[in-house]
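*Asks:* after the sequence you'll find the predicted model.
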Amino acid sequence: MLRRLLNSHMPKFITIENTSKSIEGALRIKYCDTFLTQLRGLTFHSSLARDDGLLLVGKRDSRLDSSIHMFFVPFDLSVIWINSAMRVVDKVLARSWRPAYFSKQAAKYVLEIHPERWTDFEIGDGVEFKDA
């Protein structure tokens with residue numbers, strides 16, 4: 001019982017691949033599919049390693065539900081919006097401490113990665129989640 005309870009609060013990590021082109025270096029991504037993990041996001045983190053990031057998982061494709069803020073995030077991020085068809089629909093270089101960012105198209109997933117990974121994904125690219 002205790003092990004099951006602890007495992008339910010342990011972060012789950014996945015890898016994400018671009019199926020349209022090869023990217024250099026694997027991405028180790030924290031899978032955030034609960035309200036609390038999404039609320040916490042990267043706020044109050046001091047830095048982000050080049051190969052780390054997080055994936056905010058929504059319930060459906062939406063512009064509003066996939067919006068993000070950068071309050072209390074002291075570094076910039078490459079933000080990639082992915083729809084339920086597993087296609088990149090938008091991306092932005094999100095600046096620290098900005099109030100809000102919205103995708104131009106409805107998305108179910110929001111991938112937040114290091115700014116140096118900006119060129120790893122382009123609008124229209126296919127995406128695959130491993131170990132999700």
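*Replies:* On my side now, so go ahead.
*Asks:* quick one: find the helix or strand in this protein with the lowest mean pLDDT.
*Replies:* helix 2-9 (a mean of 47; mean pLDDT, DSSP states H and E).
*Asks:* what about the strands in the protein?
*Replies:* 12-18, 28-32, 52-62, 77-82, 88-94, 107-113, 127-130 (DSSP state E).
*Asks:* can you pull out the residues in contact with the third one?
*Replies:* The one in question is strand 52-62. 14, 16, 27-33, 38, 41-42, 65-66, 68, 83-84, 106-114, 117, 129 (Cβ atoms under 8 Å, 6 or more residues apart in numbering). No exception for glycine: its C-beta is placed from N, CA and C like everyone else's.
*Asks:* how much space separates residue 17 from residue 47?
*Replies:* Residue 17 sits 24 Å away from residue 47, going by Cβ to Cβ, to the nearest Å.
*Asks:* between these two, who's got more neighbours?
*Replies:* residue 17 (14 against 9; other Cβ atoms under 10 Å).
*Asks:* I figured the more buried one hits residue 130, correct?
*Replies:* Yes. Using Cβ atoms under 8 Å, residue 17 is in contact with residue 130, at 6.6 Å.
*Asks:* intersection of neighbour lists for those two?
*Replies:* By Cβ under 8 Å, 6+ apart, no residue touches both residue 17 and residue 130.
*Asks:* ok, the residue sitting nearest the centre point of the chain - contacts?
*Replies:* By Cα atoms, centre = their mean, the chain has its centre lying nearest to residue 111, at 2.0 Å. Residues near residue 111 by Cβ under 8 Å, 6+ apart: 16, 29, 53, 54, 55, 79, 80, 81, 82, 121, 127.
*Asks:* beta partners for it?
*Replies:* For residue 111, the beta-bridge partners are residue 55, residue 80 (DSSP bridges).
*Asks:* how close does it get to residue 73?
*Replies:* Using Cβ to Cβ, one obtains 15 Å as the distance from residue 111 to residue 73.
*Asks:* cool, and residue 94?
*Replies:* 8 Å.
*Asks:* residue 74 contacts residue 43, doesn't it?
*Replies:* No. Residue 74 is beyond contact range of residue 43, at 9.3 Å (criterion: Cβ under 8 Å).
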